[in-house]
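In: what follows is a predicted structure for the sequence shown.
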Amino acid sequence: MRKVYILLSRTRTIASRTVHLFTRGRFTHVSIALEPSTEKFWSYARRSLHNPFSGGLMKENTKTFIFGRYGEMKCALLSLQVSDEAYQKIAQRLYDMVINFDKCKYSIRGLPLALLRIQHDSLFRFNCAHFVAHLLKLSDAVPLPKHPSLMRPMDFLKLSGIRLLYEGTLGECAFPSLEVERGRVLGCM
């Protein structure tokens, strides 16, 4: 068995405030990591500090870029135990996407479709929640409560077997010891 890590967050950017306006979720962004490091999260997000429309697959670090500017923002760090086979499928799909980095564009069209509850699929165009859900669905890591394109960041808190590792400010986010992690399984929040 292996673990993947999911980071939920919410900045004070215009894009994040707009998503919050429609979803009312405590968190508006989701990222995934394959190892316990705050420097290696992957998501679909903006690629430019000053242009929220130039987005796509991004390697995120909680101390730099957008996250570095909003260290006081609230976040939740989660872990999910997956089979070795599921972990390998997630890693392979992520590798394929990195190889095709130029094709990996942010799906602006996907946001209104998700709000209207219209399912859609894509190979390389995603928003953050659709991307993380796509990886979990493709690997059969865990049953999803809805189609990957309809997932919102708050939906990841409801996944079966999800564990809360940390909740607080992003600037203080770190991976806790295994002893702390063993005692905090979430059922449903």
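Out: Yep, that arrived. The shown structure was predicted, so the numbers you read here are calculated from the model rather than taken from an experiment.
In: now the helix or strand residue 54 falls within - C-alpha only, CSV.
Out: Assigned by DSSP states H and E, residue 54 belongs to strand 51-60. Output in CSV follows, covering the C-alpha atoms of strand 51-60 (Å, rounded to 0.1, in the frame of the first residue of the first chain):
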residue,chain,number,x,y,z
ASN,A,51,-2.6,36.4,-15.7
PRO,A,52,-5.1,34.0,-14.2
PHE,A,53,-6.1,32.9,-17.7
SER,A,54,-2.8,31.3,-18.6
GLY,A,55,-3.1,28.1,-16.7
GLY,A,56,-2.4,24.4,-16.9
LEU,A,57,-0.5,21.7,-15.2
MET,A,58,1.7,23.1,-12.5
LYS,A,59,4.2,21.8,-10.0
GLU,A,60,3.3,23.6,-6.8
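In: the strand or helix carrying residue 80 pairs with which strands, parallel or anti?
Out: Residue 80 belongs to strand 74-82 when assigned by DSSP H and E. With DSSP bridges as the test, strand 74-82 is paired with strand 2-9 (antiparallel), strand 163-169 (antiparallel).
In: what does that strand rub up against?
Out: The contact list for strand 74-82 (C-beta atoms under 8 Å, 6 or more residues apart in numbering) reads 1-10, 26-27, 62, 90, 136, 139, 141-142, 156-157, 159, 161-170, 173, 175, 181, 186. Every residue, glycine included, has its C-beta placed from N, CA and C.
In: ok, back up a step: mind listing what's buried in the strand holding residue 54?
Out: 52, 55-58, 60 (16 or more other C-beta atoms under 10 Å).
In: pLDDT (mean, whole number) over it?
Out: What strand 51-60 shows for mean pLDDT is 82.
In: and the strand holding residue 80, what's buried?
Out: So strand 74-82, judged by 16+ other C-beta under 10 Å, has buried residues 75-80, 82.
In: stretch 31-38 now?
Out: Those would be 31-34, 36, 38, for stretch 31-38 by 16+ other C-beta under 10 Å.
In: just stretch 126-144 next, same as before
Out: 126-137, 139, 141-142, 144.
In: that one: end-to-end distance?
Out: 17 Å (C-alpha to C-alpha, to the nearest Å).
In: mean confidence score for it?
Out: The model assigns stretch 126-144 a mean pLDDT of 96.
In: do stretch 75-84 as well
Out: 95.
In: picking up where we left off before, cross the buried residues of stretch 126-144 against helices and list the overlap.
Out: Among the buried residues of stretch 126-144, the members found in helices (DSSP state H) are 128-137.
In: format the residues you listed as CSV; extra columns: distance to residue 100.
Out: Rendered in CSV, the data for these read as follows (distance: C-beta to C-beta, whole Å):
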residue, distance to residue 100
128, 18
129, 20
130, 17
131, 13
132, 18
133, 19
134, 14
135, 15
136, 20
137, 19
